[in-house]
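> take this sequence and fold it.
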Amino acid sequence: MTGEGPGAPRALYDWFAASVREHGERVALETGGERLTYRELDALSAALAAEILAARGGRAPRRVGLTTASGPLTYAGCLAALRLGAAVVPLNHSFPAVRLAAIARAAGPELYLTDRAPEPEGPDVPVLLLSEDLLARLRGGGAAKDAPPRVPTPPADIAYLLFTSGSTGTPKGVPVTHRGIDAFLRYVIDRYALGPGCRMAQNSGLAFDASVLELFGAWGSGATLVVPPRSELPKPARFVSREAITHWFSVPSVITMADLTGGLAPGSMPSLRWSLFGGEQLTVQQARAWRTAAPRSVVENVYGPTELTILSTQYRLPDRVEDWPRTVNGTLPIGPVYPHLDHQVVDEEGNPSDVGELRLRGVQRFGGYLDGSDNRGRFLDASGRPVETGEGYVPDEKHWYRTGDLVQVLEGGVLVHLGRLDQQVKIMGQRMEIGEIEAVLREQDDIGQVAVVALRGEDGQTRLEAVYTGTARPAARLRQVLLERLPRYMVPHRFTHRTEPLPMNHNGKLDRRVLAERLTEARE
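Below you'll find the predicted structure:
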């Protein structure tokens, strides 16, 4: 355990362990037609922890790579790693092998729990295959009978190590501590009335921080985690109704996809009590469509960078649609900020402003990127001055994190998200740096200028489009080049070759606004 007394920070595993003691016979996990109680999932994770120790000669690992494929052993593997005091490093099985290898090199996992044989160019890490044979053996008592002892985990240790897109072409590692997750769980479990009898949908892949809310919001409160088949995400009403889901968290794009296909009939999700949307801006039209389909559900628009441990703001929509605020960009507010976090909104000169960049600090703020060079320009001291972030830099708890998000402050501290100050975008909740995509394209021979922009289509979906000069290439070839290096969601939907230079502003820099306008006009 991590500390003493009810107020002491818990390690992430201890949230689960408490539910095992208090709710052992309740169902903890439903996935792929299987149901495991808290006691059964605990026994499976303990057996897998023993298997990990056996594979390492009795030595507990410091970091464990974990496949993101859903299945009982994946979830047990997450708990087994945490039980042994290791940080979990999700390795998205859908990523290109070269990207997985780059993440593994940076993260340094000492064991990889995977559901498939690694590709030759994949991570060079010892592997424990999460096979059906292993699952049968562990359930049959084939692992060590004695459960490995719980390894004490200090609150400042890393619980999860997640990787986000980096503007230089290299993913950035974001270490998330047990202390930060503990503060987050204490707040959200109470706010969303999570507990025995609740059924939380697990919509997010394990490589994305929203999954931590889903997994441990459920397991930290005695609720049931219900994993939908990936094919059902575009049709949430059918899944929610069939499985009597009470808690839902997804990106707003899911609403648009379901609504376009007629999948959100009025009153079609009567079991929902709480609906959270984040990762993208939530429009009034989207929220209205969801409210109509789930009339008994409270709807909240939430926001938070991975660096602030999942979420840091929430806005609860009033019961009456006519009371919803009208904003300058037609989206619903994201604020106010969590009461246990501090925030500032400042203009370009660092002065307090009603419109400006959002800065955050507090117990949920991470302690700096895995690669210290990524800290450059992201932290400010208590007075707002840039912090020198050389080798070995560790942010002080009073240092502000610059989110790069542009917000407007309404009455009562309510925030509206207006966009980004940099070239980072989110599509379907997936965070990416435009510069990383452009960097890969620029490596191709005879490619001149390159620009990637995010455009909203007539169907309301945002898609990436790439524009380049130099030698024209078949779109299929460019797409394949990117797929060899980047996740599929970072590959542009369309490629446009131009013979004339890309538009520049008066400072001699690429004018992305003008370029986006020209591309939009060309589609009309």
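
> model confidence score at the closest residue to Gly217 other than its chain neighbours, please.
Leaving out its chain neighbours, the residue that sits closest to Gly217 by C-beta to C-beta, 6 or more residues apart in numbering is Leu194, at 5.4 Å. C-beta coordinates here come from the backbone N, C-alpha and C atoms, glycine included. If you check Leu194, the pLDDT there is 98.

> so Leu194 sits right up against Phe249, yeah?
No - in this structure, Leu194 is not within contact of Phe249 by C-beta atoms under 8 Å, at 11.4 Å.

> mind listing the shared neighbours of the two?
Taking C-beta atoms under 8 Å, 6 or more residues apart in numbering as the contact rule, Leu194 and Phe249 both touch Met200.

> name the element the closest residue in space to Arg442 that isn't next to it in sequence belongs to?
Closest residue to Arg442 apart from its sequence neighbours, by C-beta to C-beta, 6+ apart: Val450 at 5.2 Å. Secondary structure from DSSP states H and E places Val450 in strand 447-456.

> what residues of that strand count as buried?
Across strand 447-456, burial judged by 16 or more other C-beta atoms under 10 Å covers Ile447, Val450, Ala451, Val452, Val453, Ala454, Leu455.

> also stretch 236-244?
Pro236, Ala237, Phe239, Val240, Ser241, Glu243.

> among the residues you listed, which are in helices?
Pro236, Ala237, Phe239, Val240, Ser241, Glu243 (DSSP state H).

> just put those in TSV and tack on pLDDT.
Converted to TSV, these look like this (pLDDT from 0 to 100):
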residue	pLDDT
Pro236	92
Ala237	94
Phe239	95
Val240	96
Ser241	96
Glu243	97
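
> relative to Val394, which of those is nearest.
Nearest to Val394 among these is Pro236, at 41.7 Å by C-beta to C-beta.

> was I right about the closest one contacting Val254?
Yes - with contact defined as C-beta under 8 Å, Pro236 counts as touching Val254 (6.0 Å).

> distance to Asp190 for the ones in helices among the buried residues of stretch 236-244 - can I get that in a markdown table?
Below are these laid out as a markdown table (distance: C-beta to C-beta, whole Å):
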| residue | distance to Asp190 |
| --- | --- |
| Pro236 | 25 |
| Ala237 | 28 |
| Phe239 | 26 |
| Val240 | 23 |
| Ser241 | 27 |
| Glu243 | 24 |
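
> ok, those vs Glu521, which is closest?
Minimum distance to Glu521 across those is 34.9 Å, recorded for Pro236 (C-beta to C-beta).

> does Pro61 belong to a helix, a strand or coil?
Recorded secondary structure, Pro61: coil (DSSP: H, G, I helix; E, B strand; the rest coil).

> quick one: the helix or strand Ala516 falls within to chain centroid distance?
Per DSSP H and E: Ala516 is located in helix 512-523. Counting by C-alpha atoms, centre = their mean, to the nearest Å, helix 512-523 is centred 30 Å from the centre of its parent chain.

> next one: stretch 263-274
Taking mean C-alpha positions (C-alpha atoms, centre = their mean), stretch 263-274 and its chain are 25 Å apart.

> from Tyr338, how far off is Leu48?
34 Å (C-beta to C-beta, to the nearest Å).

> neighbour count winner among these two?
It is Leu48, of Leu48 and Tyr338, that has more neighbours when counted by other C-beta atoms under 10 Å, with 28 against 23.

> wait, doesn't that one sit right on Leu138?
Yes - counting by C-beta under 8 Å, Leu48 touches Leu138, with 6.2 Å between them.

> for stretch 404-423, list the C-alpha coordinates in CSV.
Taking C-alpha atoms only, stretch 404-423 is exported to CSV below (Å, rounded to 0.1, in the frame of the first residue of the first chain):
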residue,chain,number,x,y,z
GLY,A,404,-1.3,25.2,-26.0
ASP,A,405,-5.1,25.4,-26.0
LEU,A,406,-6.9,28.7,-26.7
VAL,A,407,-9.9,29.3,-24.4
GLN,A,408,-12.5,32.0,-23.7
VAL,A,409,-13.6,32.7,-20.1
LEU,A,410,-17.3,33.1,-19.5
GLU,A,411,-19.1,34.2,-16.4
GLY,A,412,-18.3,32.0,-13.3
GLY,A,413,-15.0,30.7,-14.7
VAL,A,414,-16.7,28.6,-17.4
LEU,A,415,-14.3,28.0,-20.3
VAL,A,416,-14.9,27.6,-24.0
HIS,A,417,-12.4,25.8,-26.1
LEU,A,418,-11.6,27.9,-29.2
GLY,A,419,-8.7,25.9,-30.8
ARG,A,420,-5.0,25.4,-30.6
LEU,A,421,-2.1,27.9,-30.6
ASP,A,422,0.1,25.3,-32.4
GLN,A,423,-0.3,22.7,-35.1
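
> can you report how many residues neighbour the closest residue to Arg10 other than its chain neighbours?
The shortest distance from Arg10 to any non-neighbouring residue, by C-beta to C-beta, 6+ apart, is to Asp182 (5.1 Å). Other residues near Asp182 number 26, with proximity taken as other C-beta under 10 Å.

> who touches the helix or strand that contains Asp182?
Using DSSP H and E, Asp182 falls within helix 178-191. The set of residues external to helix 178-191 that reach it, using C-beta under 8 Å, 6+ apart, is 2, 9-12, 15, 153-160, 194-195, 212-213, 216-217, 220-221, 309-311, 314, 338, 340, 362-366.

> how distant is that helix from the center of its chain?
For helix 178-191, the distance to the chain centre is 16 Å (C-alpha atoms, centre = their mean).

> could you point out which element follows it?
strand 199-201.

> what's the domain layout of this protein?
In terms of domains, the chain is parsed into 334-420, 432-523 (source: automatic domain parsing).

> still on that earlier bit, contact partners for the residue nearest to Gly217?
Val188, Met200, Gly217, Ala218, Gly220, Ser221, Ala223, His247.

> all good on my end, thank you.
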